[in-house]
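S.K.: mind looking at a prediction? Sequence and model below.
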Amino acid sequence: MNSVRLWYKKSGLVIYTSHLDMNRCFTRAVRRAGIPLWYTEGFNPHPYITFLLPLPLGQGGEREPIDIRLEKEIPFEEIKSRLNSVLPEGLEIVDVTEAVNKVHLITHARYLIEIGFENDGEAEGFAAGAQSVIDSGILNAQKRSKRGINTVNLCEFVDSFSAVNDGAAVRIDTVLATGTQKNLNAGLLIDALCGEFGAEAEKISILRKEIYMDNKIIFE
Amino acid sequence: MYPEILDKYLMKVQKPGRYVGGELNSIVKRREDVDISYAFCFPDTYEIGMSHLGMKILYSLVNARDDARCERVFAPDTDMEAIMREHNIPLYALESGEPIRDFDIIGFTMQYELSYTNVLNMLDLAGLPVRSGERAALTPIVIAGGTCVCNSEPMADFFDITLPGDGEEVTNELIDLLKEYKAKGASKRDFLIAAAQIPGVYVPSLYEVEYNDDCTVRSVTPTCGAPEKVIKRNVADLDKMFAPEKFVVPFLETVFDRTTVEIFRGCIRGCRFCQAGFLSRPLREKSPAEVERQCRAICESSGYDEISLCSLSTSDYKGLEELLTNMLPWADENSINVALPSLRIDNFPKELMEKLNTVRRSGLTFAPEAGTQRLRDVINKNIYEKDILSTAAQAFAGGWTAVKLYFMIGLPTETNEDIKGIADLAQAVVDEFYHCENKPKGKSVNVNISLASLVPKPFTPFQWEAQDKPDVLIEKQDYLLSCIRTRKVQLSRHVPWTSFLEGVFARGDRRLGKVIETAWRKGCHFDSWEEHLDREKWMQSFEECGIDPFFYTARVRSVDEVLPWDHMDYGVTKKFLINEYHKAHRGETTPSCREKCSNCGAARLNGGVCNEFRKTVV
């Protein structure tokens, strides 16, 4: 049994595929690629394949980790090329590595968000407003947690935030608490900001750019 | 690619993945590269439509042509429909995102009658008039195939063409003809008249129907040279028939998401309630080598880890043992589970069951259909209680603890004793478990009765029978419940109102077109979903149109009556069906095609078991 960490990029139509469906999608891709997965030895054997940090529905990712276990050793480059030849459009393996860090070390992630508005004025207003709300340190919103739905201050989850407008679009570059301990869905932050100003976005695209451990050290 | 305007709304609907396309093995061609664009519509949600084998076959078949493209279309769920209507987004096809009203052919597959209103709704969402007569242009031509088109009459106002029988050959012939007529700028009417000359093409608008004073059909008269009888298409050699080697692999979880390969079409059995069995005669088998080749190809191109061998009665497949012997080691090695639905209990060898056991096991389902031997003889379900019990005992010894039993109520000549017989048979299966020496230790048994109600269908010996009214069926269900004395037996039953509506349309005539349209305009759609079926609106619609729905269901028809579907020919003759109808009432059984040819008439369609049998008599 060999543990391997796959890093994939998710973009295009595939972002509308939920986490559970992604699991099945990758399992099948690995089968098509003829890569021998290690199966659990329980009553109902299933392949070992784990998404470390599931992406919320509707969001893309630049370099997202999956751990799989293989029956036998296969060179990383070969795993990458074999998978890329069978993956559906929108999914691509960008790297294959050893599983260096443990998943619970993930604390933050950087998100690039683009919000399209009807006109330049709306975008300009939103960018300035969003920046000042985040800078003020208070943005209360309903957030679902294991204990039910609570009102929380989303700013407590925001590490850094910059919003600029570019024509009718607003570009946001932000680092948010991410991981098993403390996590904020970037979509929720944008919905809360839109709600704050009664703004209606034409299109929201969210991309998880990179994943960090403490002190912004890249998770590997 | 979906229409760009949806960017704003996709995250507001349940399961947006239903509406975006982009799945593995989906085929995207450009409009300018083909002559004919075909929008294949399944009139239900994505999850249901994507599970349907017929769509996969025809999708691959049309896309295999260089001059045509086929794209998939499903009924949007109510949340998405509201958004599409509010923002004037026309129904589009998943591959290109182009509106289906710009396609040349809009083809529906009609698998169940309760999807009729969805057809109207989809045409309307596409921005097209629902009535055939109001769509003046040559394209899009609206066609339909599938089980229900054995009686297209209730939908005759809406479809331009229906295709009874196997679609593999006639689809290509129709595309060829449309290509020619489109190129020469012909009118829709000229095309329809020409299309009616293709064997197996039914153009409802070319037939005039007259009625008697009692509302029964007096006559159906073809015009413009259309044939007296439309004979269903029958692909004689399944090994040479087109079969897909790639399935579009959905991202979303669908009802059936696995490799499905047909092992044969047709059925040798002749259960008298079973429409599929009569419609698809004669039985034609695919060779085990071809089945295995197709299974492997699809598994390799999809990554599926489950194979379902598809037919009406799997254990009647002559090549079953050969197929499993060759395929199971490979399946096992690749962690692929092989499912055999529709097994009969009287002829499934123990050794085969043990072989299947090596891969992951699924549930065990039997279909005795009726509770007493007398009634099983009436319906010609030639299985016996001792077979059921001995197979159950084998299964228990093999480690199974859950058994599902399919039964029907509302069968002709049924009495309370027959209904009580269902509970008794379930109890006997429970008792068998406790008598079984090798039963799984420390486990209890669970027998689940799944109870359907008979809907008499065209082209079956029961097509003249009365269908029980919903309140009678509920009484029968309640009576059965009162006969069950143990919690080890569970009953799941259906709401008989869906069966009632299904019954109306199954044996309906053209007068029902206005009822379907009225009900749809009142907001009826997704009628096959119990939570959507709006009984009030339907009953109002019947009333407004001055039509008594029980005329179609609750009446015993005379064998002399002209039936609305008499101008369709599925091979099996009316004379044979009348004979079977009388035999049913005498409690006489009819042997399977392999035991003795009963001269049903399907032999003239060529192929399969008929030739096999004739060779042995000659």
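M.R.: Yep, that arrived. Residues are numbered from 1 along each chain as shown, chains lettered A, B, ... in the order given.

S.K.: so which residue is dead centre in chain A?
M.R.: A:Leu55 (3.9 Å; Cα atoms, centre = their mean).

S.K.: now that one: closest residue in space that isn't a chain neighbour?
M.R.: Spatial nearest neighbour of A:Leu55, excluding adjacent residues (Cβ to Cβ, 6 or more residues apart in numbering or on different chains): A:Gly61 at 5.1 Å. Where C-beta positions appear, they are placed from N, C-alpha and C, glycine not excepted.

S.K.: hey, where'd the helices end up in chain A?
M.R.: A:19-32, A:76-84, A:120-136, A:186-197 (DSSP state H).

S.K.: now the shortest one: buried residues?
M.R.: Spelled out, that is helix A:76-84. A:Phe76, A:Ile79, A:Lys80, A:Arg82, A:Leu83 (16 or more other Cβ atoms under 10 Å in any protein chain shown).

S.K.: show the pLDDT at residue 94.
M.R.: In the absence of a named chain, chain A is used. Looking at A:Val94, its pLDDT is 97.

S.K.: that answer is for a different chain, and I need it for chain B
M.R.: 97.

S.K.: I'd say B:Leu320 and B:Ser313 touch.
M.R.: No: B:Leu320 lies out of contact with B:Ser313 (Cβ atoms under 8 Å); the separation is 10.7 Å.

S.K.: which one of the buried residues of helix A:76-84 is nearest chain B?
M.R.: Nearest to chain B out of the buried residues of helix A:76-84 is A:Leu83 (Cβ to the nearest Cβ; 11.2 Å).

S.K.: check the gap between the closest one and A:Tyr8 for me.
M.R.: 9 Å (Cβ to Cβ, to the nearest Å).

S.K.: mind checking which of the helices of chain A is nearest chain B?
M.R.: Closest among the helices of chain A, using Cβ to the nearest Cβ: helix A:19-32, at 3.0 Å.

S.K.: what comes up buried for that closest one?
M.R.: Buried residues in helix A:19-32 (16+ other Cβ under 10 Å): A:Asp21, A:Met22, A:Asn23, A:Arg24, A:Cys25, A:Phe26, A:Thr27, A:Arg28, A:Ala29, A:Val30, A:Arg31, A:Arg32.

S.K.: grab the nearest non-local neighbour of residue 15.
M.R.: Unless you meant another one, I'm taking chain A. A:Gly60 (5.1 Å).

S.K.: ah, I was thinking of chain B
M.R.: Per Cβ to Cβ, 6+ apart, closest to B:Lys15 is B:Leu252, 6.1 Å.

S.K.: retrieve the pLDDT associated with that neighbour.
M.R.: 94.

S.K.: so it touches A:Thr17, yeah?
M.R.: Yes: using Cβ under 8 Å, B:Leu252 is in contact with A:Thr17, at 7.4 Å.

S.K.: the residue nearest to B:Lys15: helix or strand, and which one exactly?
M.R.: B:Leu252 belongs to no helix or strand when assigned by DSSP states H and E.

S.K.: what sits against it?
M.R.: Contacts for B:Leu252 (Cβ atoms under 8 Å, 6 or more residues apart in numbering or on different chains) come out as A:Thr17, A:Ser18, A:Asp21, B:Lys15, B:Gly17, B:Arg18, B:Tyr46, B:Glu47, B:Met50.

S.K.: now render those residues as TSV, adding pLDDT and distance to B:Cys274.
M.R.: Shown next, in TSV, are the contacts of B:Leu252 (pLDDT from 0 to 100; distance: Cβ to Cβ, whole Å):
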residue	pLDDT	distance to B:Cys274
A:Thr17	95	39
A:Ser18	93	39
A:Asp21	94	36
B:Lys15	95	34
B:Gly17	95	36
B:Arg18	96	32
B:Tyr46	97	29
B:Glu47	96	26
B:Met50	97	26
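
S.K.: by neighbours, which of these wins?
M.R.: A:Thr17 (28 neighbours; other Cβ atoms under 10 Å in any protein chain shown).

S.K.: for that one, which non-adjacent residue is closest in space?
M.R.: Using Cβ to Cβ, 6+ apart, the closest residue to A:Thr17 is B:Phe251 (4.0 Å).

S.K.: how many neighbours does the one you found have?
M.R.: Neighbours of B:Phe251 (other Cβ under 10 Å): 25.

S.K.: who's in contact with it?
M.R.: A:Val14, A:Tyr16, A:Thr17, A:Asp21, A:Met22, A:Cys25, A:Pro88, B:Gly17, B:Glu23.

S.K.: and those residues, which two are furthest apart?
M.R.: The two members of those with the most space between them (Cβ to Cβ) are A:Met22 and B:Glu23, at 13.2 Å.

S.K.: B:Glu173 - nearest residue in space that isn't next to it in sequence?
M.R.: Using Cβ to Cβ, 6+ apart, the closest residue to B:Glu173 is B:Ile198 (5.3 Å).

S.K.: could you say what helices and strands the lengthiest helix in chain B packs with?
M.R.: The residue-count maximum for a helix in chain B (DSSP H) belongs to helix B:416-435. Here helix B:416-435 touches helix B:373-378, helix B:385-397, strand B:402-409, strand B:446-453, helix B:470-483, strand B:489-493, going by 3 or more Cβ pairs under 8 Å, 6 or more residues apart in numbering or on different chains; DSSP states H and E.

S.K.: need the residues of chain B near chain A, please.
M.R.: B:1-2, B:7-8, B:10-11, B:16-17, B:20-24, B:249, B:251-253, B:300-305, B:334-335, B:360 (Cβ under 8 Å from any Cβ of the partner chain).

S.K.: go with 6 Å
M.R.: B:Asp7, B:Lys8, B:Met11, B:Pro16, B:Gly17, B:Val20, B:Gly22, B:Leu24, B:Phe251, B:Leu252, B:Gly303 (Cβ under 6 Å from any Cβ of the partner chain).

S.K.: per-domain residue ranges of the chain.
M.R.: Here I'm looking at chain A. A:2-100, A:105-216 (automatic domain parsing).

S.K.: that's the other chain; I wanted chain B
M.R.: According to automatic domain parsing, the ranges for chain B are B:4-231, B:234-360+B:572-618.

S.K.: how far does the last one sit from its chain's centre?
M.R.: So the one you mean is domain B:234-360+B:572-618. 15 Å (Cα atoms, centre = their mean, to the nearest Å).

S.K.: need the pLDDT of B:Glu437.
M.R.: At B:Glu437, pLDDT is 81.

S.K.: quick one: secondary structure of it?
M.R.: The three-state label given to B:Glu437 by DSSP: H, G, I helix; E, B strand; the rest coil is coil.

S.K.: contact partners for it?
M.R.: With contact set as Cβ atoms under 6 Å, 6 or more residues apart in numbering or on different chains, B:Glu437 has no partners.

S.K.: please tell me how far it sits from A:Arg24.
M.R.: Distance from B:Glu437 to A:Arg24, by Cβ to Cβ: 41 Å.

S.K.: where does the chain dip in pLDDT?
M.R.: You didn't say which chain, so I picked chain A. Within chain A, the set of residues satisfying pLDDT under 70 is empty.

S.K.: look at chain B instead
M.R.: B:342-363, B:613-618.

S.K.: with adjacent residues omitted, what lies nearest to the spatially most central residue of it?
M.R.: Closest residue to the average C-alpha location of chain B: B:Gln111 at 4.1 Å, with Cα atoms, centre = their mean. Distances taken as Cβ to Cβ, 6+ apart put B:Gly146 closest to B:Gln111, at 5.2 Å, once the chain neighbours are dropped.

S.K.: which residues does that neighbour contact?
M.R.: Counted by Cβ under 6 Å, 6+ apart, B:Gly146 has contacts B:Thr109, B:Met110, B:Gln111.
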